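>>> coords below, sequence missing:
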């Protein structure tokens, strides 16, 4: 009788375990000041002026990248105003903008795949952005372990650059 009980318990244990695999495809996520942040809305595309924009947003917050082209390579931040990253909050009364640019901030954006057939872009990022308000209490924001994966690339120019 004990054998049946053990066998039944063992069988119940294995049948009750389920693999719940959830794929984030597409995905745009990072650690923002060591707090997990995942975009709910994401898009990418070329602007009329030729720069390429990648954006992810969650509620009132938006992280965006501006790069000269979607070519597979490492783009260094803090060097010029062509390649830059920014994070802005548009929450009423608490508007903030953190950005990189010529001589401010640092980091990198690595484009690992630009799939022209599927019209998607993927890569990783990490950067430190500086507050545009020089008298604000918080002057820097850090983004680490960032990933954008299979973000849809629009053929229409529907972005605005800073």
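Right, received. Where do you want to start? The structure displayed is predicted, hence computed values, not measured ones.

>>> how close does the residue minimising distance to the centre of the chain sit to residue 50?
Closest to where the C-alpha atoms of the chain average out (CA atoms, centre = their mean) is residue 28, at 3.7 Å. Using CB to CB, to the nearest Å, residue 28 is found at 23 Å from residue 50. C-beta here means a position set from N, CA and C on the backbone, and glycine is covered the same way.

>>> residue 43: which element?
Here residue 43 is covered by strand 41-46, with elements defined by DSSP states H and E.

>>> run a quick neighbour tally on residue 117.
Number of residues near residue 117 (other CB atoms under 10 Å) recorded here: 5.

>>> residue 149: what's it in contact with?
The contact partners of residue 149, taken as CB atoms under 8 Å, 6 or more residues apart in numbering, are 24-28, 122.

>>> now pLDDT and secondary structure too, for the residues you listed, in JSON lines please.
Below are the contacts of residue 149 laid out as JSON lines (pLDDT from 0 to 100; DSSP: H, G, I helix; E, B strand; the rest coil):
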{"residue": "24", "pLDDT": "65", "secondary structure": "coil"}
{"residue": "25", "pLDDT": "76", "secondary structure": "coil"}
{"residue": "26", "pLDDT": "86", "secondary structure": "coil"}
{"residue": "27", "pLDDT": "92", "secondary structure": "strand"}
{"residue": "28", "pLDDT": "95", "secondary structure": "strand"}
{"residue": "122", "pLDDT": "96", "secondary structure": "strand"}
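
>>> considering those, which possesses the most neighbours?
residue 28 leads the contacts of residue 149 on contacts (other CB under 10 Å) with 26 neighbours.

>>> rewinding a little: what lies in contact with the strand holding residue 43?
Residues from elsewhere that reach strand 41-46, judged by CB under 8 Å, 6+ apart: 26-28, 52-58, 70, 121, 148, 151-159.

>>> for residue 106, which residues are in contact?
Contacts of residue 106 (CB under 8 Å, 6+ apart): 77-78, 100, 127-128.

>>> tell me the first helix or strand C-terminal of the helix or strand harbouring residue 123.
Using DSSP H and E, residue 123 sits within strand 120-131. Following strand 120-131 in sequence order, the next helix or strand is strand 140-154 (DSSP H and E).
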